[in-house]
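Peer 1: model this:
(chains A and B, ligands or ions: 2)
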Amino acid sequence: MPTVSMTVNGKPVSGEAEGRTLLVQFLRETLGLTGTHVGCDTSQCGACVVHVDGEAVKSCTMFAAEADGAEVKTIEGMANADGSLSVIQQAFQDHHGLQCGFCTPGMVMSAAALLKDNPKPSEAEIRDYLEGNICRCTGYHNIVKAILAASGQEVTPIAAE
Amino acid sequence: MPKDHGIGASTKRREDVRFLTGKGRYTDDINIRGQAYVHFLRSDVAHGKINAVGTSEAETAPGVLRVFTGKDFEGVGGIPCGWQITDRQGNPMQEPAHPVLAQGKVRHVGDPIAAVVAETYEQARDAAEKINLDITELPAVMNMKAALEDGAPKVHDDLTSNLCYDWGFIEDNREAVDQAIKSAHHVTTLELVNQRLVANPMEPRVAIGDYASYSDESTLYTTSQNPHVIRLLMGAFVLGIPEHKLRVVAPDVGGGFGSKIFHYAEEAFCTFAAKQLKCPVKWTSSRSEAFMTDAHGRDHVTRIELALDAEGNFQAIRTETYANMGAYLSTFSTSVPTYLHGTLMAGNYKTPNIYVNVKAVFSNTVPVDAYRGAGRPEATFQLERVIDKAAREMGIDPVEIRRKNFVTEFPYATPVAVEYDTGDYNATMDKALEIADWDGFDARAAESAKKGLWRGRGINTYIEACGIAPSALVGQLGARAGLYESATVRVNATGGLVVMTGSHSHGQGHETAFPQVIAEMIGIDESMVEIVHGDTANTPMGMGTYGSRSLAVGGSAMVRATEKIIAKAKKIAAHLMEAAPEDVELKDGQFSIAGTDKSVAWGDVCLAAYVPHNYPLEELEPGLEETAFYDPANFTYPAGAYICEVEVDPDTGKVRIDRFAAADDFGNVVNPMIVEGQVHGGLAQGIGQALLEGCAYDDSGQLISGSYMDYAMPRADDVPSYSVDHSCQTPCTHNPLGVKGCGEAGAIGSPPAVVNAVVDALQRNGKDVTHIDMPLSPSRVWAAMNG
Ligand code: FES
Ligand code: FES
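Peer 2: Ligands and ions are numbered 1, 2, ... in the order given. Have a look, this model is predicted:
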């Protein structure tokens, strides 16, 4: 089996991958980074979103071999250096933007990509951007709020609206 | 000032930290050394006779350990149904066999025929392609009414027909209801479909079987809402493994919404195969597999009649429903259209005469079972739709007709066998009108009209029966299980507590909310309490989480166990303070004697319990650990009023939800933040049902909506921000916390509000449309407008 090498969350890694091995499989099975999830097989749900060379990518839609040599970031690499939650992660907790947590890694990765390109998105822009991330638990209300809050915009406090 | 800890505080969820950092431990994250992988070869026809399953080529494919077929399960039990319904004649329902792997026939697309276990997942999948199937396709049974005609093809050849049961509720009331309808001033009739849905928790199902030959113990890791129930059903009915040799673990579970209540064939298969092969066997469902194997929800076809007097007072309700069971009876499938639906047909109203008839029908489709709300959304939808139609026919305001008929005195015994303990339906109605800005509608409608859009508004109320429920009652009604809940509270020597609960969290936040209750009771910090759930090896026998029951039933068990802890701790404290136990008070984690300055801290009492040097050993055992099982006296009855405002584009039929207001009465609330989140999620699912979702089959039984490409899940831009309120609180009268349950309300209450709103928009613009079946896709709305 061919070997692929990449940098994941700042650490150089390599491992064997068949030609058909998906990046998400490589992350989960070979590297044991199980924070990235698989929620579908048609590239629709966004549970698998990671960053490859700074771009949000559905890791179920990319072969591991295609990420050879790339800079990959997963949810495991999102916290601050001291281990505390990053601004986006903290906003998700503060605003109850997650319930079962299964879509959450993909949501956080997508939110980070959005805020990089658009630091002060409107509610409509957030909803539009999240079109590729399905959450079955939250009804999106608090996810949208968390992202607004993470971008430094005013939101109504939790449980007081 | 809102509370910052204990009951009533919006404590942030502690479980979020692991989920937000990728440290959640879901079943698919578990890998056991030496594990093999199973791939199921599934039927691609809806109905067929299996002539042969040729496995020889697959058996010798690389990495294959064994290929299993239905033959391997001939001596093994079938997947059981947990609720027996008695029909109108007093006969038991027809109950077909449900083998782990198909035997003789396949009965729906996705029915498992063979299972290949191999060293890698890819090898298992590759080998499955080498299995030679010889199947004669048979005509598929798809339409429920046609399925009941004489000479219709049968899903199960050994049953007399495709009718599972014909149920009447309450059969003795039938004549009175017929009479009331015949003599009524006005009767409104509505025929409607409550379409088939797929629950779609974002985590697909996973099962890992493991067998320890040194102890002859089997372990199943599974994505379940109720591990003890799976252990009982699988151990006792399918595999014949006694419970002390079987452990079921449901770790972090990525949503359930009902679909992870049931015992599935894949769980039994992995447990069975692990023991046979002496190696762990893992199955991870793909989403495509989930669509054709997870139990579906709803799928009712109903005709409802509402009889009214000249003033609009409800006189009688009569319904006839066809309920699709699918090809086999899933665990609680039979109870959903009956006791979870018929008992709710009174709604929030004092209708004196009600009769519900349900015909449950087998078809060549995926089994149908409970999905968020389970029977209650079906009841609410038909009732609130027919009331809207009646109001329009009689020229009565939709708010007025509801208020006129509200139950206002409690307790209230309905004509459908349940007794509402408390409620204030006018209060939630008032609140909904307020937060929806009902009076500002005309101005908004004028604004919409300027944009060329038609604005409409819909209102409805709902009631649900939660916290299921008294074991004795459900036993009389045919349940083959008790419906109590359990908790063990273990106090450690240094004062921290561990609660082992039979409830299960798959997103509801038990790990945060349960400690709030204990912290309040004892007066200690929430961080001193840890919740353990999801593992039969370290939690007492419990029934799990569904039917919005965790806090109402599981929380009550925890309260009872904690009360026992406090009673014993007071005795210890009394000994330490040389006082009488009756005089001891516990406040803020401190025991004291009123009127004295004597006091002893919670931690000192805990330490004394485990280091009993100075301890009343002749009267009390050492240690501080108590268990309680709580069996509720009644259901709980959350209720509320929902209002939806839509804009309909007359050119395209596209519906946009502009505002949604939900006023709920959940009784007391432990964590308002979590409660609101539960309502939001339910609303999105209800709006999804109303506008987007629908599980579609073609006439030959092919599943048309088998992926997210074809099954329209609500996405962030399909739903609005919601206005929710739970300040109307009439505490439940029969559980210690006064809580009612909030998990399903949003999904139950929202579909009629949306449909009522769309019909209203069309009516205001001169279209005589009285009903559109869900989902209200642009093409359906456009067709209704232009029909
Ligand atoms: S798993 Fe990648 S989009 Fe669903
Ligand atoms: S939190 Fe469960 S799917 Fe989003």
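Peer 1: hey, let's count contacts and neighbours off CA atoms from now on
Peer 2: Noted.
Peer 1: before we move on, what SS does the residue minimising distance to the centre of chain A have?
Peer 2: Centroid-nearest residue in chain A: A:M109, 2.5 Å away (criterion: C-alpha atoms, centre = their mean). Here A:M109 takes the helix state, with states given by DSSP: H, G, I helix; E, B strand; the rest coil.
Peer 1: and what of B:E122?
Peer 2: Going by three-state DSSP: B:E122 is helix.
Peer 1: with B:M234 instead?
Peer 2: helix.
Peer 1: does it touch B:F262 like I think?
Peer 2: No. B:M234 lies out of contact with B:F262 (C-alpha atoms under 8 Å); the separation is 10.6 Å.
Peer 1: mind listing the shared neighbours of those two?
Peer 2: Residues touching both B:M234 and B:F262 (C-alpha atoms under 8 Å, 6 or more residues apart in numbering or on different chains): none.
Peer 1: and the lowest-mean-pLDDT helix or strand in chain B, what does it pack against?
Peer 2: Counting by mean pLDDT, DSSP states H and E, chain B has its least confident helix or strand at helix B:471-476, which shows a mean of 84. Using 3 or more C-alpha pairs under 8 Å, 6 or more residues apart in numbering or on different chains; DSSP states H and E as the contact test, no helix or strand touches helix B:471-476.
Peer 1: name the residues that touch that helix?
Peer 2: B:481-484, B:631-632.
Peer 1: elements contacting the following helix or strand past it?
Peer 2: Counting by DSSP states H and E, the element after helix B:471-476 in chain order, helix or strand, is strand B:485-491. On a contact count with 3+ C-alpha pairs under 8 Å, 6+ apart, strand B:485-491 meets strand B:497-501, helix B:556-577, strand B:625-630.
Peer 1: just give the nearest non-adjacent residue to residue 18, would you?
Peer 2: Defaulting to chain A. Take A:E18 and drop its neighbours on the chain: the residue closest to it by C-alpha to C-alpha, 6 or more residues apart in numbering or on different chains is A:M1, 5.8 Å away.
Peer 1: not what I meant, chain B
Peer 2: Closest residue in space to B:R18, ignoring its immediate chain neighbours: B:G24 at 5.3 Å, by C-alpha to C-alpha, 6+ apart.
Peer 1: mind giving me the domain split of chain A?
Peer 2: For chain A, the structural domains run A:3-77, A:87-150, going by automatic domain parsing.
Peer 1: so for B:A690, which of those sits nearest?
Peer 2: domain A:87-150 (14.3 Å; C-alpha to C-alpha).
Peer 1: near ligand 2 at all, the closest one?
Peer 2: Yes. Using C-alpha under 6 Å from any ligand atom, domain A:87-150 reaches ligand 2 at A:98-104, A:135-138.
Peer 1: can you count the residues close to the residue nearest to B:R18?
Peer 2: For B:G24, the tally of surrounding residues (other C-alpha atoms under 10 Å in any protein chain shown) stands at 22.
Peer 1: need the pLDDT of it.
Peer 2: On pLDDT, B:G24 comes in at 97.
Peer 1: distance check, it against ligand 2.
Peer 2: To ligand 2, B:G24 is 12 Å away according to C-alpha to the nearest ligand atom, to the nearest Å.
Peer 1: what does B:G640 give?
Peer 2: B:G640 is 25 Å from ligand 2, by C-alpha to the nearest ligand atom.
Peer 1: do the same with B:I772
Peer 2: Distance from B:I772 to ligand 2, by C-alpha to the nearest ligand atom: 30 Å.
Peer 1: just checking, that residue touches B:N756?
Peer 2: No. The criterion here is C-alpha under 8 Å, and B:I772 misses it with B:N756 at 9.5 Å.
Peer 1: I'd like the distance between the residue nearest to B:R18 and ligand 1.
Peer 2: 17 Å.
Peer 1: that residue contacts A:P105, correct?
Peer 2: No. The pair B:G24 / A:P105 is not scored as a contact, 10.0 Å apart, by C-alpha under 8 Å.
Peer 1: who touches both of those two?
Peer 2: By C-alpha under 8 Å, 6+ apart, the residues touching both B:G24 and A:P105 are A:G35.
Peer 1: quick one: secondary structure of B:Y642?
Peer 2: Taking three-state DSSP, the label given to B:Y642 is strand.
Peer 1: with the one 3 residues further on instead?
Peer 2: Under three-state DSSP, the three-state class of B:E645 is strand.
Peer 1: again with A:S14
Peer 2: What three-state DSSP gives for A:S14 is strand.
Peer 1: now do the contacts for the nearest residue to it once chain neighbours are set aside.
Peer 2: The shortest distance from A:S14 to any non-neighbouring residue, by C-alpha to C-alpha, 6+ apart, is to A:S5 (4.0 Å). Going by C-alpha under 8 Å, 6+ apart, A:S5 touches A:12-15, A:68-69.
Peer 1: any of those buried? List them.
Peer 2: With burial judged by 16 or more other C-alpha atoms under 10 Å in any protein chain shown, the buried subset of those is A:14, A:68.
Peer 1: which two in the contacts of A:S5 are spaced the farthest apart?
Peer 2: With C-alpha to C-alpha as the measure, no two of the contacts of A:S5 lie farther apart than A:G15 and A:G69, at 12.2 Å.
Peer 1: residues near residue 75, how many?
Peer 2: You didn't pick a chain, so chain A it is. Residues near A:I75, counting by other C-alpha under 10 Å: 27.
Peer 1: hm, I was asking about chain B
Peer 2: For B:G75, using other C-alpha under 10 Å, the count is 9.
Peer 1: need the three-state assignment for it.
Peer 2: B:G75 - assigned by three-state DSSP - is coil.
Peer 1: from ligand 2, how far off is it?
Peer 2: The spacing between B:G75 and ligand 2, counted by C-alpha to the nearest ligand atom, is 39 Å.
Peer 1: where does the stretch 51-200 of chain B get nearest to chain A, which residue?
Peer 2: B:N200 (7.3 Å; C-alpha to the nearest C-alpha).
Peer 1: surely that residue is in a strand?
Peer 2: No. B:N200 is assigned coil when assessed by three-state DSSP, not a strand.
Peer 1: ok so, going back, please identify the most buried of the domains of chain A.
Peer 2: domain A:87-150 (a mean of 23; mean count of other C-alpha atoms under 10 Å in any protein chain shown).
Peer 1: for it, measure first residue to last.
Peer 2: 6 Å (C-alpha to C-alpha, to the nearest Å).
Peer 1: re the thing from before, give me the mean pLDDT for the helix or strand that contains the residue nearest to A:S14.
Peer 2: Assigned by DSSP H and E, A:S5 belongs to strand A:3-8. For strand A:3-8, mean pLDDT is 97.
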